[in-house]
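>>> When you get a sec, could you give me coordinates for this:
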Amino acid sequence: MNDGCQLAAKIDAKNQEKLRQFVKPQSAVKISSIFSRFLNYITDILLLWLISDISIGRLLPKEDITPEVIMNNIKLFSLIIIAQYFINFLYYFIFELFFQKTPGKYFTRTKVVMEDGSKPGALSIFIRSLSRLIPFYTISILFNIEGKRWWHDILSKTIVVYDIPDENEILGN
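Here you go, the predicted model:
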C-alpha cells in the first residue's frame with residue numbers, strides 16, 4: 001500500500017469514528033416529545049403573530065381601525081381572516097418545504113420527515129400546511145392515542161423527529 005492509500009485509510013478511520021459519535025442509525029430516530037412540539041407551536045405562533053401584524057397592518061386603511069370598526073365591516077373582517085390564513089399557510093409551507101423545519105423547530109432541534117424517515121416532498125408539505133387551517137386542529141393532539149401526532153402529521157403521513165446530524169454535516173462535505 002502506498003503512502004497516499006495509507007493516509008486515506010487513516011482519514012477514513014478517523015471520519016468513521018467521528019460519525020459513530022454523532023450519527024445514529026435510522027432505526028434510532030427519536031420522535032419529538034410533546035413538550036418540544038408545544039415549544040415549536042408557541043414559537044411559531046408568536047412569529048406568525050408578528051408577521052401577520054406587520055403584513056396585515058399594511059393592508060388596512062390608514063385611518064383609525066378599532067376592533068369595533070373591523071367587526072362592523074364584514075369586507076374588512078373577511079380580508080383580515082383570509083390574509084391570516086394565507087400567511088399561516090405560506091409560513092409553514094415555505095419553511096418546511098425548503099428546510100424541513102420552521103423557526104420553532106430550529107429552536108427545539110427537530111424536523112419534519114415522512115413516516116419512513118425520508119425527506120417529505122412538496123405534496124406532503126402542501127397537505128401538512130393546508131391541514132393546519134382546519135378549525136380547532138390544535139386540539140387534535142387530544143384525540144391521538146400515540147399522543148405525539150397532530151392531524152397535520154397524520155393526514156400528510158409525516159412525523160416530527162429530533163434532528164440528528166448526518167454524515168455530510170459532521171464532515172463538512
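>>> okay, and for the chain, where does confidence drop off?
By pLDDT under 70, the weakly predicted segments of the chain are 1-29, 59-67, 69-72, 137-138, 140-148, 166-173.
>>> rerun at 50
Low-confidence segments of the chain, defined by pLDDT under 50: 1, 5, 7-8, 11-12, 15-16, 18-27.
>>> Show me the helices in it, by range?
With DSSP state H, the ranges of helices along the chain come out as 3-22, 34-59, 67-72, 74-99, 103-108, 122-131, 151-156, 167-171.
>>> Make TSV from these and add distance to E115 to it.
Backbone N, C-alpha and C define where each C-beta goes, glycine included. Converted to TSV, these look like this (distance: least, CB to CB, whole Å):
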stretch	distance to E115
helix 3-22	24
helix 34-59	16
helix 67-72	42
helix 74-99	15
helix 103-108	17
helix 122-131	10
helix 151-156	9
helix 167-171	23
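>>> Can you say which of the ones you listed is nearest to I139?
helix 151-156 (9.3 Å; CB to CB).
>>> residues in contact with the closest one?
Helix 151-156 has contacts (CB atoms under 8 Å, 6 or more residues apart in numbering) with 120, 124-125, 127-129, 131-132, 134, 137, 140, 144, 158-160.
>>> Any of those buried? List them.
120, 124-125, 127-129, 131-132, 140, 158-160 (16 or more other CB atoms under 10 Å).
>>> right, and out of those residues, which lies closest to I74?
Nearest to I74 among those, with distances taken as CB to CB, is R132, at 25.0 Å.
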